[in-house]
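# okay, structure incoming, though there's no sequence with it:
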């Protein structure tokens, strides 16, 4: 989020303090033959009366609209068919179709995210998702006014899409989607669109990035601040739940794609990949002990986490190549005893998707670790991939972790990651929700698409591996250093948000934004937002720094180049470096 929402933090804290929600009562049963996925998964069938469907989705929204730090988690799943329904999407709610193609499920009405609860300000519309649906909007246009951790993925919208609700907004992601009409970004400060097709696009504030998008606007950064990369070098889309023609539930696991442009499924294309029966998955419900989950992994099971908060007293260890770990309804993992929540061995093809990892009070060395520290293998033919994986330290309560995500394996793909040290909510403060770094990359040839990292106390991202690539970076430096003496790296003032280690010889990044709002002491200075060795193989494209409300200074954009962004200038940009 940005400081446009932070000024209301005290009001917000009071609003959400009473929103610890129990599991939603009164959930309709699943259709005959469906798997038991718990009371917070609702599966809709086109034979159901439309009034009953509308009542059910409205009841979920009433519970979740303001529940920013509540305990409720919801998945609204639509079997193939046509529905007349208006789905307003609140916190921790996943709305998804169960077809193999988005066009297998048609919503005539809306699948939308509004910011009415916050006066039209969408800078805190986090943790929700719309996936694998086609929508014919009743008004000709739909709205997805969100910020971080709110993907619009594998969607077909037969109309226009608006990404704001009148107030500020700080998103976001569109991926593998077909928008027949025009996307209007409005007040969105930044946005990543990947492997999609648009009828058109209008709008820009600071950092709009298009990777592998058909009909993307020209890359004319900084006027307007559009960054365009015509093809996506390597990507694997997120796994998803679907039903086959016999009505059996399965998980589709997309194949790796190189040089991609446009969606994986539109215009009659069949998505490449494999479909796994749900019987291969251990279905994890809240209250399932970590020892049972680890035992299932040891037996060769994949994991399907149902909506809810899953408390862990030990690390979940993924050691089998090709394992899928999939969460429904923003399923949340909490390491209660100071361990790492989940670790992956140095193996091929693991997919982790749809999870929120929330730091516990004991303090973890890392919340997730991909590969051990001595990982050395190549995985380019079948990499590990992370999709819609989010990390949170504080906000829902006091939590601590030295680092959120450590990537030691090589060739890993990150697809829409938000790493957030909370700046509002419960359990926050410079000495309370402590967290040094967000992302640390030690592996080689790691690629990140949509990397959002905010408010960590030292580096937001520290990149030690060779051959790394980042397509879109959004960052806010910490709001709360009590003074310059508390926030400096040796002789340097502050910490660079994105640091490439001095020994790295190859690295490239596109569409990179870093902002400051030093609320506790507006006189604080960060010497630079980006730091990297000056070498021919290390290249940056389209960078921006912003002093939000003039609260603080970022002296240079990258190394000693560009800037300042301060109370006088506001915004600074660098088109290319070196």
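Arrived safely. A quick note: this is a predicted structure, and the numbers were derived from the prediction, not measured.
# which residues does residue 83 contact?
By C-beta atoms under 8 Å, 6 or more residues apart in numbering, the contact set of residue 83 is 44, 46, 50, 53, 105-109. Where C-beta positions appear, they are placed from N, C-alpha and C, glycine not excepted.
# of those, buried ones?
Buried members of these, scored by 16 or more other C-beta atoms under 10 Å, are 44, 53, 105-109.
# for the residues you listed, which one is nearest residue 325?
residue 105 (24.6 Å; C-beta to C-beta).
# return the set of residues that bridge with the closest one.
The residues listed as beta-bridge partners of residue 105 by DSSP bridges are residue 81.
# coming back round to it: closest to residue 375 among the contacts of residue 83?
The shortest approach to residue 375 among the contacts of residue 83 belongs to residue 105, at 39.8 Å (C-beta to C-beta).
# the strand ranked longest in the chain pairs with which strands, parallel or anti?
For the chain, the strand with the greatest residue count under DSSP state E is strand 324-335. Taking DSSP bridges as the criterion, strand 324-335 sits next to strand 302-305 (parallel), strand 309-312 (parallel), strand 351-358 (parallel) in its sheet.
# now find how far off-centre stretch 434-447 is within its chain.
From the chain centre to the centre of stretch 434-447 is a distance of 16 Å (C-alpha atoms, centre = their mean, to the nearest Å).
# gap between the two ends of that stretch?
By C-alpha to C-alpha, to the nearest Å, the extent of stretch 434-447 from end to end equals 27 Å.
# my guess is residue 264 meets residue 176, correct?
Yes - with contacts defined as C-beta atoms under 8 Å, residue 264 counts as touching residue 176 at a distance of 5.7 Å.
# now render the strands paired with strand 324-335 as TSV, adding mean pLDDT, mean neighbour count and distance to residue 412.
Supplementary listing: these in TSV, determined by pLDDT from 0 to 100; neighbours: other C-beta atoms under 10 Å; distance: least, C-beta to C-beta, whole Å:
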stretch	mean pLDDT	mean neighbour count	distance to residue 412
strand 302-305	98	24	19
strand 309-312	98	21	22
strand 351-358	98	25	10
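# nearest to residue 156, out of those strands?
Checking the strands paired with strand 324-335 against residue 156 by C-beta to C-beta gives strand 351-358 as the closest, at 20.3 Å.
# contacting residues around that closest one?
Contacts of strand 351-358 with the rest of the structure, by C-beta under 8 Å, 6+ apart, involve 94, 127, 129, 149, 236, 238-239, 253, 305, 309, 318, 323-328, 330-335, 341-342, 344, 367-368, 384-392, 396, 399, 404.
# between residue 264 and residue 176, who's got more neighbours?
Under the criterion of other C-beta atoms under 10 Å, the comparison of residue 264 against residue 176 puts residue 176 first, with 29 against 21.
# surely that one touches residue 265?
Yes - contact between residue 176 and residue 265 holds when scored by C-beta under 8 Å: they sit 7.2 Å apart.
# mutual contacts of those two, please.
The contact lists of residue 176 and residue 265 share residue 154, where a contact means C-beta under 8 Å, 6+ apart.
# would you mark the buried spots in the helix ranked longest in the chain?
Counting residues, the longest helix in the chain under DSSP state H turns out to be helix 50-64. Neighbour-count burial for helix 50-64 flags 53-54, 56-57, 60-61, 63-64 (criterion: 16+ other C-beta under 10 Å).
# tell me the one among the residues you listed nearest to residue 162.
residue 61 (18.8 Å).
# ok, that closest one touching residue 92?
No - proximity of residue 61 to residue 92 does not meet the contact threshold set by C-beta under 8 Å, at 11.5 Å.
# as TSV, the strands paired with strand 324-335 with distance to residue 445 would be great.
Shown next, in TSV, are the strands paired with strand 324-335 (distance: least, C-beta to C-beta, whole Å):
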stretch	distance to residue 445
strand 302-305	26
strand 309-312	30
strand 351-358	18
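# any idea which of those strands gets closest to residue 195?
Relative to residue 195, the nearest member of the strands paired with strand 324-335 by C-beta to C-beta is strand 351-358, separated by 15.9 Å.
# strands paired with the following helix or strand past the closest one, and their directions?
Using DSSP states H and E, the helix or strand that follows strand 351-358 towards the C-terminus is strand 364-370. Taking DSSP bridges as the criterion, strand 364-370 forms sheet pairs with strand 342-344 (parallel), strand 401-407 (parallel).
# list the contacts of the longest one.
Meaning strand 401-407. With C-beta under 8 Å, 6+ apart, strand 401-407 has contacts from 357, 359, 363-371, 389, 391, 393, 414, 417, 419, 435-443, 446, 456, 465.
# the longest helix of the chain - contacts with which helices or strands?
Using 3 or more C-beta pairs under 8 Å, 6 or more residues apart in numbering; DSSP states H and E as the contact criterion, the elements in contact with helix 50-64 are strand 41-44, strand 74-78, strand 81-88, strand 93-97.
# low-confidence ranges, the stretch 51-200 of the chain, go.
Applying pLDDT under 70 to the stretch 51-200 of the chain flags no residue at all.
# can you give me the helices in it?
Counting by DSSP state H, counting those that start in this stretch, the stretch 51-200 of the chain has no helices to list.
# re earlier: residues in contact with both of residue 264 and residue 176, list them for me.
Overlap between the neighbourhoods of residue 264 and residue 176 consists of 195, 237, taking contacts as C-beta under 8 Å, 6+ apart.
# what's near enough to touch the residue nearest to residue 445 when sequence neighbours are not counted?
Counting by C-beta to C-beta, 6 or more residues apart in numbering, residue 445 lies nearest to residue 467, which is 4.3 Å off, once chain neighbours are set aside. When contacts are counted by C-beta under 8 Å, 6+ apart, residue 467 touches 444-446, 506-507.
# check contacts around residue 516.
With contact taken as C-beta under 8 Å, 6+ apart, residue 516 is in contact with 476-477, 524, 526, 545-548, 551-554, 565.
# let's see that with 6 Å instead.
When the contact criterion is C-beta atoms under 6 Å, 6 or more residues apart in numbering, the partners of residue 516 are 477, 547, 552, 554.
# for those, which one is nearest residue 183?
Set against residue 183, the nearest of the contacts of residue 516 by C-beta to C-beta is residue 547 (28.2 Å).
# how many residues are close by the closest one?
Counted with other C-beta under 10 Å, residues neighbouring residue 547 total 26.
# so what sits opposite the residue lying closest to it once chain neighbours are set aside in the bridge?
For residue 547, the nearest residue in space outside its immediate sequence neighbours is residue 565; the separation is 4.5 Å by C-beta to C-beta, 6+ apart. Residues found in beta-bridge contact with residue 565 (criterion: DSSP bridges) are residue 554.
# go on, residue 235?
When bridges are assigned using DSSP bridges, the partners listed for residue 235 are residue 257.
# any regions of the protein where pLDDT drops low?
With pLDDT under 70 as the threshold, the chain has low-confidence stretches at 1-34.
# 50 instead, please
2-33 (pLDDT under 50).
# I'd like the buried residues of helix 50-64 as JSON lines, with distance to residue 115 appended.
Below are the buried residues of helix 50-64 laid out as JSON lines (distance: C-beta to C-beta, whole Å):
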{"residue": "53", "distance to residue 115": "24"}
{"residue": "54", "distance to residue 115": "22"}
{"residue": "56", "distance to residue 115": "23"}
{"residue": "57", "distance to residue 115": "18"}
{"residue": "60", "distance to residue 115": "18"}
{"residue": "61", "distance to residue 115": "13"}
{"residue": "63", "distance to residue 115": "17"}
{"residue": "64", "distance to residue 115": "14"}
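# out of these, who's nearest residue 283?
residue 60 (20.9 Å).
# test my guess that the closest one contacts residue 74.
Yes - counting by C-beta atoms under 6 Å, residue 74 is a contact partner of residue 60 at 5.1 Å.
# among the strands paired with strand 324-335, which is nearest residue 570?
Proximity to residue 570 (C-beta to C-beta) singles out strand 351-358 among the strands paired with strand 324-335, at 33.1 Å.
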